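**Q** Prediction below, plus the sequence it came from.
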There are 2 protein chains.
Amino acid sequence: MSYGIKGELIIIGGAEDKSGSREILRRVSNMIDKERDTMIVSTLASDLGKEIGYDYKNLFHELGVKNIEILDVSSRDQCDDQDLLDMVKKSSLIFFTGGNQLKITSLVGGTPLYEEMRRFHDNGGIFAGTSAGASVMSETMIVRGPDEESPRKNNLSKCPGFGFMQGVMIDQHFAQRGRIGRLLGAIAENPSVLGIGIDEDTAIVVNKKEGYFSVIGSGAVYIIDGRYLTYSSLLEQENEVPLSLFNVKMHVLKSGNCFDLNKKQPLEEERVK
Amino acid sequence: MSYGIKGELIIIGGAEDKSGSREILRRVSNMIDKERDTMIVSTLASDLGKEIGYDYKNLFHELGVKNIEILDVSSRDQCDDQDLLDMVKKSSLIFFTGGNQLKITSLVGGTPLYEEMRRFHDNGGIFAGTSAGASVMSETMIVRGPDEESPRKNNLSKCPGFGFMQGVMIDQHFAQRGRIGRLLGAIAENPSVLGIGIDEDTAIVVNKKEGYFSVIGSGAVYIIDGRYLTYSSLLEQENEVPLSLFNVKMHVLKSGNCFDLNKKQPLEEERVK
């Protein structure tokens, strides 16, 4: 299975540390040449774009990044603006803030800006995303669903994401919002897809070329592998009723662990890059 | 954009003619060497696998196909059966019958049988599918949703499909069940994805290598291209309320028409193969 187009990804479970060691944001900033490269902070998901953009711009400046642009649009017809397209073309990393993932896909999906972002990534450009910016990385993304709930049939809203990471479904704020139930329910629908739940202040750094990711940050990453499901009650039952799922394979990874996306196996050691 | 792995596809909107000229099923049968190749009829979507399998086997025999096998499993643990895997490996075309698309993905997704099917298609094996067997071709597939309804926000159930055709969302029984509303609502969520609605007794024959499809059969195929949406009320409104969507591009294609998947443009003439 291919894990999609070329560039690397940093996918963050939301609420990354912004005042302490700032490990995750530091790692994001270290992915580029801080003196020469341009980073874009995309606040497309947020209704508070200006404030959030300003905060992240300051943060990344403090971490040494010299050139930072803000990307925000409020309507689809802005998404063919040549200045915006040129800005994407000239940048090396795009960081998606949190907010509402449906805002990103419904505003930008299918526009010249979206096409430019794909080309950017195809040419090696890096995407980073936190919270809503993490969800949008999946091919089929979770739009919303109940927190702290047992796995139930068909209780999640999903739509096509941007698919920068293929073959997975990503959920964020994972432990903090009690989301294991909803991700299990989603994976039972098509166990070809690997569920990845990411805690707050935790991220996966995806090396697509080599087919693996590493975990960084203070929380855990949960892998839900449904390939070996021997029984699921999904087909026999009504919507909203809790599911039986036998033989789910699950991995919990912490900082320094690695996951082989081709073999679908965790590794204790971080790979040498 | 890549339209996925290599083999060709025939995607049928359900209720294809089985007693008259049988144009669509004849086209399916003509994709292979009827004397030497093996066709598989997969009844994975159906609860009436035996009867449906028997009927299709007879139909394809009448159309001249000599070697036909039935593929049906009722539990995930059957999906690593070596005889089944060998059967897939040796066949040239797999035909998915109708039923419930969630049955296909939740039973087979992530099993060795699924992996074998992907390899089969990567090696040039052809997939055909009708009704539920059509839906499962999308990356994000429609599981269920209201018929004869206006486009509304978030009123459709979706999950990851098998993604044999990428960048599209397929709906079937399109005119007959009044499904334009639900497909419009789905595409508004992420207009990167092209909506394809297929009427009953109608099919698209997808040449992925060349990046186009042709229409065959007695009904129409509807393309919903949301890339040029200038306004959508999706983000401003509650679930279940009808949507405003300005500037949807739509094409209606009939038998003999062709559609260029790279340029996202219809062509009047069938391409020479």
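**A** Perfect, thanks for sending it. Numbers count the residues shown, from 1 in each chain, chains lettered A, B, ... in the order given.
**Q** Please verify my assumption that residue A:95 contacts residue A:42.
**A** Yes - with contacts counted by CB atoms under 8 Å, residue A:95 reaches residue A:42, the gap being 6.6 Å. Every residue, glycine included, has its C-beta placed from N, CA and C.
**Q** of the two, who's got more company?
**A** Legend: neighbour count by other CB atoms under 10 Å in any protein chain shown for residue A:95 and residue A:42, higher for residue A:42 (28 against 25).
**Q** contacting residues around that one?
**A** Applying CB atoms under 8 Å, 6 or more residues apart in numbering or on different chains to residue A:42 gives the contacts A:70-72, A:94-97, A:104, A:133.
**Q** how about a cut-off of 10 Å?
**A** Contacts for residue A:42 (CB atoms under 10 Å, 6 or more residues apart in numbering or on different chains) come out as A:49, A:53, A:56, A:69-73, A:88, A:94-97, A:99, A:104, A:108, A:113, A:117, A:127-129, A:133.
**Q** ok, which of these also contact chain B?
**A** Subset of the contacts of residue A:42 in contact with chain B: A:104, A:108, counting by CB under 10 Å from any CB of the partner chain.
**Q** Now list the buried members of the contacts of residue A:42.
**A** Buried members of the contacts of residue A:42, counted by 16 or more other CB atoms under 10 Å in any protein chain shown: A:49, A:53, A:56, A:69-73, A:88, A:94-97, A:99, A:104, A:108, A:113, A:117, A:127-129, A:133.
**Q** Show me where the stretch 101-250 of chain A has its strands.
**A** In the stretch 101-250 of chain A, the strands defined using DSSP state E, counting those that start in this stretch lie at A:126-130, A:140-144, A:157-160, A:168-171, A:194-198, A:202-207, A:212-217, A:221-225, A:231-232, A:245-246, A:249-253.
**Q** The last one versus strand A:212-217: what angle between them?
**A** What that stands for is strand A:249-253. Interaxial angle, strand A:249-253 versus strand A:212-217 (axes from the mean of the first three to the mean of the last three CA atoms, to 10 degrees): 50 degrees.
**Q** Which strands or helices does strand A:249-253 pack on?
**A** strand A:194-198, strand A:212-217, strand A:221-225, strand A:265-267 (3 or more CB pairs under 10 Å, 6 or more residues apart in numbering or on different chains; DSSP states H and E).
**Q** what angle do that strand and strand A:221-225 make?
**A** Per the same axes, to 10 degrees, the angle that strand A:249-253 makes with strand A:221-225 is 160 degrees.
**Q** contacts for strand A:249-253?
**A** A:175, A:180, A:184, A:191, A:194-199, A:202, A:204, A:213-215, A:220-229, A:257, A:259, A:264-268, B:110.
**Q** redo that, cut-off 7 Å
**A** Contact with strand A:249-253 is made by A:215, A:220-225, A:228, A:259, A:266, as judged by CB atoms under 7 Å, 6 or more residues apart in numbering or on different chains.
**Q** measure residue A:152 to residue A:146 for me?
**A** Distance, residue A:152 to residue A:146, by CB to CB, to the nearest Å: 8 Å.
**Q** Please say which of these two ends up with more neighbours.
**A** Set residue A:152 next to residue A:146 and count neighbours by other CB under 10 Å: residue A:152 wins out with 20 against 16.
**Q** Just list whatever residues bridge to the more buried one.
**A** Judged by DSSP bridges, the bridge partners of residue A:152 are residue A:242.
**Q** was I right about residue A:147 contacting residue A:180?
**A** No - assessed by CB atoms under 7 Å, residue A:147 is found out of contact with residue A:180, at 10.2 Å.
**Q** returning to what we had before: to residue A:60, which of the helices and strands packed on strand A:249-253 lies closest?
**A** strand A:212-217 (16.8 Å; CB to CB).
**Q** Just the ones in helices from the buried ones among the contacts of residue A:42, please.
**A** Among these, the members found in helices (DSSP state H) are A:49, A:53, A:56, A:88, A:104, A:108, A:113, A:117, A:133.
**Q** Kindly report the residues of the stretch 51-200 of chain A close to chain B.
**A** A:76-77, A:102-103, A:105-106, A:109-111, A:114, A:139-140, A:154, A:157-160, A:169, A:186, A:188-193 (CB under 7 Å from any CB of the partner chain).
**Q** Name only those of those residues that count as buried.
**A** Among these, the ones that count as buried by 16+ other CB under 10 Å are A:76, A:102-103, A:105-106, A:109-111, A:114, A:139-140, A:154, A:157-160, A:169, A:186, A:188-193.
**Q** Please name the nearest non-neighbouring residue to residue A:130.
**A** Nearest residue to residue A:130 in three dimensions, chain neighbours excluded: residue A:12, at 3.9 Å (CB to CB, 6 or more residues apart in numbering or on different chains).
**Q** Could you measure from the nearest residue to residue A:18 once chain neighbours are set aside over to chain B?
**A** Excluding its sequence neighbours, the residue lying closest to residue A:18 (CB to CB, 6+ apart) is residue A:59, at 6.0 Å. Residue A:59 is 27 Å from chain B, where distance means CB to the nearest CB, to the nearest Å.
**Q** I'd guessed residue A:141 sits against residue A:134; true?
**A** No - with contact defined as CB under 7 Å, residue A:141 and residue A:134 do not form a contacting pair (9.4 Å).
**Q** Which residue of chain A lies farthest from its centroid?
**A** When distances are taken from the C-alpha mean of chain A, residue A:236 lies farthest, 32.4 Å away, according to CA atoms, centre = their mean.
**Q** Need the per-residue pLDDT for that residue.
**A** As predicted, residue A:236 sits at a pLDDT of 87.
**Q** which ones are touching it?
**A** Contacts of residue A:236 by CB under 7 Å, 6+ apart: none found.
**Q** Give me the distance between it and residue A:243.
**A** To residue A:243, residue A:236 is 10 Å away according to CB to CB.
**Q** What about residue A:31, how many residues nearby?
**A** Counted with other CB under 10 Å, residue A:31 comes out at 17.
**Q** sorry, that was for residue A:184
**A** If you count neighbours by other CB under 10 Å, residue A:184 ends up with 21.
**Q** Leaving out sequence neighbours, find the closest residue to it.
**A** residue A:151 (3.9 Å).
**Q** what do you get for residue A:175?
**A** The shortest distance from residue A:175 to any non-neighbouring residue, by CB to CB, 6+ apart, is to residue A:199 (4.8 Å).
**Q** Got phi/psi on that neighbour?
**A** For residue A:199, the backbone dihedrals (degrees, to the nearest 10) come out as phi -70, psi 170.
**Q** Surely it is in contact with residue A:13?
**A** Yes - between residue A:199 and residue A:13 there is a contact under CB under 7 Å: 5.0 Å.
**Q** Under the pLDDT cut-off, which ranges of the stretch 151-273 of chain A? List them.
**A** In the predicted model, the stretch 151-273 of chain A carries pLDDT under 70 at residues A:270-273.
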